[in-house]
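Participant: Pasting a predicted model and its sequence here:
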Amino acid sequence: MRTLAARLSRRLVRCAAAAALVSAVTPAQATEVGAYRGPGCDGRAAMAELETFLGRKIERTVDALNQESWVEMRRSIPWIVKCWADSGIKLTLSVPMLPRGNAGTLSEGADGAYDAIFTQTANALVRYGLNDTVIRIGWEFNGNWMPWAASKDPESYKRYFRRIVEIMRRAPGQRFKFEWCPNHGRHDMDPTEAYPGDDVVDIIGMDIYAETWDASTADPHDRFQHFVDQPFGLKWHRDFAREHGKLMSYPEWGVGDKPGGGGVGDDPVFIAGMADWFEETKPLYQSYWDVQAVDYNARMSNAQFPRAAEMFKRRFGADSGG
């Protein structure tokens, strides 16, 4: 009897372990519809316009601490946190690893020079009831436009990412999820060279904006298929997340215009393609970049791109079933 009981016990343990693994890799069943409408209280106030346009509530926003300097980063923490507290909108908080202007290095961060920023951020989130925030650390690191560009020092990027997670997990009462988020495509590096490890990543995100570079991506259908198939594109994102048993997300995506060219303007094909992709892959959330930013104007709620806006409303609005 003892032998049979031992076998049954071992079998139950194996079944429990298998169930836990399945649970870990099961995608979100209902993708949260999110948007960025501006920072902090400005974004919260502006969200109503998009909700009116869609005829539905927005479930999540993706905001960011100020990147201009260490001083401004610290100042922005209580403002951002208080603005989204009690809003009824879930928060993904983009946390810079370095400010603009060559104020520090990845190596210094990995060695603990900036720990206080992340302690302050974690404690403020918990204090104001945002202890389930998704923390998006050092996003779009595979390009050259962020101060924390990982191609400069991939090992320090990974060590620094791990250190930030370790510090923020110390906050009593936190239930944060941590997100690792490259931009679509290779850019300056293979993003996997800066993957910090499964133990410090809960969500694998990707930012993706509709852009065109040459005649091969001029046709909207060909262009979207390129986003799917390109090295480190949508298929890679899906497969890499599955291999690591992680949820997916799309914290920034949009269609619109870029200064100097490269934007695609009014492109409903991209909107429909992304909507189909979300239905297929079931990410935890997707957040549309609904602002007229200087580097990419993707504003949808004012219908400046009417065909794309109509498709967006059809696929994500009140009557979409989403």
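Facilitator: Right, received. Where do you want to start?
Participant: residues near Pro154, how many?
Facilitator: 21 (other C-beta atoms under 10 Å). C-beta: built from backbone N, CA, C; applies to glycine.
Participant: OK, contacts around it?
Facilitator: Contacts for Pro154 were tallied using C-beta atoms under 8 Å, 6 or more residues apart in numbering; they are Met189, Glu193, Ala194.
Participant: which of these lies closest to Cys181?
Facilitator: Of all those, the one with the least separation from Cys181 (C-beta to C-beta) is Ala194, at 11.0 Å.
Participant: mind checking how far the closest residue to that closest one other than its chain neighbours is from Arg238?
Facilitator: Distance criterion C-beta to C-beta, 6 or more residues apart in numbering; nearest residue to Ala194, sequence neighbours excluded, is Ala150 at 3.9 Å. Distance of Ala150 to Arg238, computed by C-beta to C-beta, to the nearest Å: 22 Å.
Participant: got it, and His184?
Facilitator: Taking C-beta to C-beta, one finds His184 at 12 Å from Arg238.
Participant: Likewise for Gly88?
Facilitator: Distance, Gly88 to Arg238, using C-beta to C-beta: 30 Å.
Participant: Who has more neighbours out of those two?
Facilitator: Counted by other C-beta under 10 Å, Gly88 and Arg238 do not tie: Arg238 has more neighbours, with 19 against 8.
Participant: quick one: contacts of whichever strand or helix holds that one?
Facilitator: Element membership for Arg238 (DSSP states H and E) is helix 234-243. The contact list for helix 234-243, computed with C-beta under 8 Å, 6+ apart, reads 25, 184, 192, 204, 206, 208, 227-229, 247-248, 277, 281.
Participant: buried set for that helix?
Facilitator: By neighbour count on 16 or more other C-beta atoms under 10 Å, the buried set for helix 234-243 is Leu234, Trp236, His237, Arg238, Phe240, Ala241.
Participant: go on, stretch 138-157?
Facilitator: 138-143, 146-154, 156-157.
Participant: how about the helices in the stretch 151-300 of the chain?
Facilitator: 154-168, 220-229, 234-243, 268-281 (DSSP state H, counting those that start in this stretch).
Participant: ranking those helices by burial, who's on top?
Facilitator: helix 154-168 (a mean of 21; mean count of other C-beta atoms under 10 Å).
Participant: quick one: average pLDDT of stretch 131-138?
Facilitator: Throughout stretch 131-138, pLDDT has a mean value of 98.
Participant: Start and end of it, how far apart?
Facilitator: 20 Å (C-alpha to C-alpha, to the nearest Å).
Participant: so where do the strands sit in the chain?
Facilitator: 32-36, 60-64, 90-95, 134-137, 177-180, 203-205, 208-209, 247-254, 285-289 (DSSP state E).
Participant: who touches the fourth one?
Facilitator: Residues lying outside strand 134-137 but in contact with it, judged by C-beta under 8 Å, 6+ apart, are 62, 90-95, 97, 161, 164-165, 168, 176-181, 202-203, 205, 249, 251, 284-285.
Participant: Apply 6 Å and report the result again.
Facilitator: For strand 134-137, contacts defined as C-beta atoms under 6 Å, 6 or more residues apart in numbering pick out Thr92, Leu93, Ser94, Val95, Phe161, Ile164, Phe176, Lys177, Phe178, Glu179, Cys181, Pro251.
Participant: Figure out how far that strand is from the centre of its chain.
Facilitator: 7 Å (C-alpha atoms, centre = their mean, to the nearest Å).
Participant: Going forward, the N-terminal residue is numbered 513.
Facilitator: Okay, residue one is now 513; in that scheme the one you just asked about reads as strand 646-649.
Participant: Tell me the strands beside it, with direction?
Facilitator: If you go by DSSP bridges, strand 646-649 pairs up with strand 602-607 (parallel), strand 689-692 (parallel).
Participant: Now distance to Asp769 too, for these, in JSON lines please.
Facilitator: Formatted as JSON lines, the strands paired with strand 646-649 follow (distance: least, C-beta to C-beta, whole Å):
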{"stretch": "strand 602-607", "distance to Asp769": "23"}
{"stretch": "strand 689-692", "distance to Asp769": "28"}
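Participant: How about the contacts made by the residue nearest to Ala706?
Facilitator: Shown in contact with Ala662 (C-beta under 6 Å, 6+ apart): Phe653, Tyr669, Ala706.
Participant: Turn those into JSON lines, columns for distance to Arg556 and pLDDT.
Facilitator: Output for the contacts of Ala662, formatted as JSON lines (distance: C-beta to C-beta, whole Å; pLDDT from 0 to 100):
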{"residue": "Phe653", "distance to Arg556": "28", "pLDDT": "98"}
{"residue": "Tyr669", "distance to Arg556": "32", "pLDDT": "98"}
{"residue": "Ala706", "distance to Arg556": "32", "pLDDT": "98"}
